[in-house]
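Visitor: sequence plus predicted model, see below.
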Amino acid sequence: MFRQAWALADALASGELRSYEAAHTRLLKRPVLMERLMLLMDRSPWVRRRALGALAARPAIYSSLLAAHVGSRPAADLVMAGVLPLGWRMLTARRIPIQGKECRETL
């Protein structure tokens, strides 16, 4: 939010509103990605169950994703410390039988 304000102030001061348009597009990439991932979890019980299980099992992954989302960590960290570990945990979760119940996933 503040980055957008700074970009707008710079564009207005220089009279180059196209620079704000470019900055705005760049700054929206992370929030739009997060929005799409959240909507995917809403639509897919499998993705939701796996993602929440992975995040619960490894809180550091959540911390990395959140820090990259708000911009306190570099975008590269979003992939290396967040997306890849989360994806790996989601793909490698295994199912174990529970007495009297079908199965639950372990991470």
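Guide: Received the coordinates, thanks. Numbering: from 1, shown residues only.
Visitor: list the contacts of the strand or helix carrying residue 68.
Guide: Residue 68 is part of helix 59-70, with elements assigned from DSSP states H and E. Defining contact as Cβ atoms under 8 Å, 6 or more residues apart in numbering, one finds that helix 59-70 is touched by 30-31, 34, 54-55, 73-75, 77-78, 81-83, 85-86, 89. To be clear about C-beta, it is placed using only N, CA and C from the backbone, and glycine gets the same treatment.
Visitor: and after that helix, which helix or strand comes next?
Guide: Scanning forward in sequence from helix 59-70 by DSSP H and E, the next helix or strand is helix 75-77.
Visitor: re earlier: now the helix holding residue 68: average pLDDT?
Guide: For helix 59-70, mean pLDDT rounds to 83.
Visitor: would you pull up how far that helix lies from the middle of the chain?
Guide: Computed by Cα atoms, centre = their mean, to the nearest Å, the chain-centroid distance of helix 59-70 equals 8 Å.
Visitor: output that helix as PDB, nothing but the C-alphas.
Guide: What follows is helix 59-70, C-alpha atoms only, in PDB (Å, rounded to 0.1, in the frame of the first residue of the first chain):
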ATOM      1  CA  PRO A  59       5.100 -23.100  10.600                       C
ATOM      2  CA  ALA A  60       8.300 -21.700   9.200                       C
ATOM      3  CA  ILE A  61       6.900 -22.200   5.700                       C
ATOM      4  CA  TYR A  62       4.000 -20.000   6.600                       C
ATOM      5  CA  SER A  63       6.300 -17.400   8.100                       C
ATOM      6  CA  SER A  64       8.400 -17.300   4.900                       C
ATOM      7  CA  LEU A  65       5.300 -17.000   2.700                       C
ATOM      8  CA  LEU A  66       3.900 -14.200   4.800                       C
ATOM      9  CA  ALA A  67       7.200 -12.300   5.000                       C
ATOM     10  CA  ALA A  68       7.600 -12.500   1.200                       C
ATOM     11  CA  HIS A  69       4.000 -11.500   0.600                       C
ATOM     12  CA  VAL A  70       4.300  -8.300   2.700                       C
END
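Visitor: quick check: residue 54 vs residue 47, distance?
Guide: 11 Å (Cβ to Cβ, to the nearest Å).
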